[in-house]
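>>> Below are the sequence and a predicted model; questions follow.
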Amino acid sequence: MTTLVLSGCGLEDTGPSAFNPATNVDLTFSSFTLENTEVAPDNLRHTRFRDFYRGIQPAGEASDDLETTSEIRSHIEIFIRATPTDSGTSYDSVRNPLDLMNQVLASGEVTNFQEGKRYISQRIADGVAGTYNTRGNGAQIRFTDQSAVIADLPLNDQLWIYPTLDWRYLPDGPEESDLENKVYRTVQYVSRSVEEEDQAAQPELVSVLAGSRFDANSFMTLGYSPTEFATADYLSRNHGSIELRQDFIDENTDTLFIKNDESEVIKLDRYPGYTREDNHPDCLRIELDYNMELVRIFASDGEPARIDDPDSADEEDTMANPANCTYQEDAEAVASWATVAIAER
C-alpha cells in the first residue's frame, strides 16, 4: 500500500469490549486512488470489478457485442471511478471506498483492524461465535485524502467515513441456513451531507454496502482471505444503482444488476431478442459464467421482484416473479456471447 500514510491511528479511544474490540480509526492517505506501481505491482489485482470488467470481453469480433461491452464498462466506471486502459479491456486505476478499504484491511498496517482479525481468528480456534463491529461500539472509521484536501476538492473527495465495519464468526451458521463455520464481513460507506449549493460538485457515489463470506478454516489475519461469496451494492446521485454478486465456489459466476429507469444504459434494441418498444428497462442482469466463458443479459421493465402467491390463501404471501430480470431463465436472455478466458477464475 504505497498510498497509505498512517497519521494518528486513533481518535479518542471508544473502549473495546472483551466481545467486540472495535475502536475509532483515523487514517490519512497521500491519495485515495489505487493503481499498480513498481513497488506494489498488484494493487489492482484484488479490486472488486477486476474479473468482471475484463471477463465480459467478447471472444469474437461481433460489433454489437463489443459496443454493449463498452456500454457496460462505461456504466461501471461511474461507480468505481475507473480509468480504462488504452485498449479499454481493463483499467489502470480506481478510486472508490470499497476497493480502498479492502486493501487497507489486507495490508495489516492498521492496529485495530489487525486486533479485530486476530480476535475473530481466536474465536474460530475456540469454536465460539464472535463479532467485531464498529457500529456496536460507537466507533468511527475516517479516511482523509491529503492531496484532495490540499487541492480543496469537494468534501466527499477529501473525506470518506465508514459507519460499519463488521466481522462475524458463526460456527453454527445463520438461522435457517445449512452453512456452518463461516466468517461474514460487512463494509458500509456513506457520503457526507453538504449544503445544497455544493451537492452538484460532489462525486457520483452516494453509498456502498458490501458483504463477503469466508470459510473459517481459510480465514487469514494478513492479506486476502479466499472469498466464497461476495456482494456489493453501489448507489449514485444521478445514475441509479448497481449490484455485483460474485460466487467463487458453487457456480463461479459474477452477476451485475443495473437498476436505472431514467437513462439508456445499454442499447438492447440492437439485439433481435429484445422486442420491447421502450429501450429503458428498469432491471438489467448481466451474468458472466467463467466456467462456460459466456455472458448472458436479461431485462425486464415494470416487473416487481415479488408478486402475490396464487397458490396461497394468505394474501400476504408472495413469490419470486419469474418475469423480473432477476429470476428469468437462461433461455429468456436478450443477448449472449462467448467471452475471453480469465485464468484467475
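Nice, thanks for sending it over. Numbers count the residues shown, from 1 in each chain.
>>> helix, strand or coil for residue 319?
Taken by DSSP: H, G, I helix; E, B strand; the rest coil, the conformation at residue 319 corresponds to strand.
>>> OK, contacts around it?
Contacts for residue 319 were tallied using Cβ atoms under 8 Å, 6 or more residues apart in numbering; they are 306-309. (Glycine included, C-beta is placed from N, CA and C.)
>>> Now the residue nearest the centre of the chain: closest residue in space, sequence neighbours ignored.
Residue closest to the mean C-alpha point of the chain, counted by Cα atoms, centre = their mean, is residue 232 at 2.8 Å. Spatial nearest neighbour of residue 232, chain neighbours left out: residue 210 (4.1 Å); criterion: Cβ to Cβ, 6 or more residues apart in numbering.
>>> Show the pLDDT at the one you found.
Residue 210 is assigned 98 on the pLDDT scale.
>>> can you check the one 10 residues further on too?
With respect to pLDDT, residue 220 scores 97.
>>> And residue 237, by the same measure?
Here, the pLDDT recorded for residue 237 equals 94.
>>> Next: residue 216.
98.
>>> I figured it hits residue 124, correct?
Yes - under the criterion of Cβ atoms under 8 Å, residue 216 makes contact with residue 124 at 4.7 Å.
>>> Find the residues that touch each one of these two.
Residues touching both residue 216 and residue 124 by Cβ under 8 Å, 6+ apart: 169, 171, 181, 183.
>>> In contact with the last one, which residues are there?
Okay, so that is residue 183. 120, 124, 167-170, 213-216, 219, 225.
>>> And it, which helix or strand is it part of?
strand 182-190 (DSSP states H and E).
>>> what's the offset of that strand from the middle of its chain?
Offset of strand 182-190 from its chain centre (Cα atoms, centre = their mean, to the nearest Å): 10 Å.
>>> about what we covered before: wait, is the residue nearest to the centre of the chain part of a helix?
No - using three-state DSSP, the assignment for residue 232 is strand, not a helix.
>>> In the chain, what residue spans correspond to helices?
Ranges of helices in the chain, per DSSP state H, are 50-55, 63-80, 97-107, 111-126, 134-137, 146-150, 155-158.
>>> which one of these lies closest to residue 31?
Among those, helix 146-150 comes nearest to residue 31, with 5.1 Å by Cβ to Cβ.
>>> end-to-end on stretch 236-249?
Terminal residues of stretch 236-249 are spaced 30 Å apart (Cα to Cα, to the nearest Å).
>>> outside of it, which residues touch it?
With contact meaning Cβ under 8 Å, 6+ apart, stretch 236-249 is reached by 48-49, 51-52, 75-76, 78-79, 199, 202, 204-206, 226-235, 253-263, 345.
>>> can you do 7 Å?
For stretch 236-249, the surrounding residues in contact (Cβ atoms under 7 Å, 6 or more residues apart in numbering) are 48-49, 52, 78-79, 204-206, 227-235, 253-260, 262-263.
>>> Just the buried residues from those, in PyMOL please.
Filtering the contacts of stretch 236-249 down to the buried ones (16 or more other Cβ atoms under 10 Å) takes a single PyMOL command:
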select buried, resi 48+49+52+78+79+205+206+227+228+229+230+232+233+234+235+253+254+255+256+257+258+259+260
